[in-house]
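Novice: coordinates for the following, if possible.
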Amino acid sequence: MPDDELEERDLVGAPSRLELAEILDELVGVIERARSMPLSSSAIIGREEVLDLLHGAREALPIEFARARRVLQDRAEVRARAEREADELLDDARSQAAHMVQRTEIVRQARNNAERILADAEAESRRIRHEADDYVDRKLAAFEIVLDRTIRTVQAGRDRLSVAVEDDEADEPGEADAAEDAFFDQDRQ
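Specialist: The predicted structure follows:
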């Protein structure tokens, strides 16, 4: 199956899949609802539940990328269509001007009309381009928010893991320290 069909099917189908933002919200909820271990700031989290959510997030990322790619393609198509329409309007204006070159009054009217059509076409082209740019910017901003949430969630998880590892290391007496003391004890004898 070509990539375009797969991406289209991913975008249109799979109503049971959650969007990335929903998955991340659920993951944050799991972490926030996790029970604390007695006498510790560490939390007990269901490994399978978190892993399922992370796998879902991993599956949703290509969908979000496909959506962003689709937005960029839509923008290019809108821009190309606007340029085609502008070119058609310019061609129409030139054609009309050429037919009206019969008399001075007709020529003057044709020039005025052609200038108006050109100005309208350029204004319409600018408007369509601005709308396309605004549309793409909004979609990319939404995607940026999703990615920012993902980064913050991952960083928070890593921070929690590093605190848990540091606590475990601080609680255990170091075998290396005992071995080191024994080594120096041998030197003293």
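
Novice: find the nearest non-adjacent residue to the residue sitting nearest the centre point of the chain, please.
Specialist: Centroid-nearest residue in the chain, with C-alpha atoms, centre = their mean: residue 143, separated by 2.7 Å. Nearest non-adjacent residue to residue 143, counting by C-beta to C-beta, 6 or more residues apart in numbering: residue 68, 5.2 Å away. For every residue, glycine as well, the C-beta is placed using N, CA and C.

Novice: isn't that neighbour right up against residue 137?
Specialist: No: using C-beta atoms under 8 Å, residue 68 is not in contact with residue 137; the gap is 12.0 Å.

Novice: more neighbours: which of those two?
Specialist: residue 68 (17 against 12; other C-beta atoms under 10 Å).

Novice: helix or strand: which one has the more buried one?
Specialist: helix 47-99 (DSSP states H and E).

Novice: what's the very next helix or strand once past that helix packed up against?
Specialist: Downstream of helix 47-99, the next assigned helix or strand under DSSP H and E is helix 104-171. Contact partners of helix 104-171 among helices and strands, from 3 or more C-beta pairs under 8 Å, 6 or more residues apart in numbering; DSSP states H and E: helix 20-33, helix 47-99.

Novice: among those, which is nearest residue 167?
Specialist: helix 20-33 (17.3 Å; C-beta to C-beta).

Novice: gap between the closest one and the chain center?
Specialist: In terms of C-alpha atoms, centre = their mean, to the nearest Å, the centre of helix 20-33 is set 18 Å apart from its chain centre.

Novice: over to stretch 85-103?
Specialist: 44 Å.

Novice: what backbone torsions are found at residue 45?
Specialist: Backbone geometry at residue 45, expressed as degrees, to the nearest 10, gives phi -120, psi 140.

Novice: can you get me a residue count around it?
Specialist: 16.

Novice: could you do residue 128 as well?
Specialist: 17.

Novice: grab the nearest non-local neighbour of it.
Specialist: Nearest to residue 128 is residue 82, by C-beta to C-beta, 6+ apart, at 3.8 Å.

Novice: is it correct that the one you found is in contact with residue 121?
Specialist: No: using C-beta under 8 Å as the test, residue 82 is too far from residue 121 to be in contact (9.6 Å).
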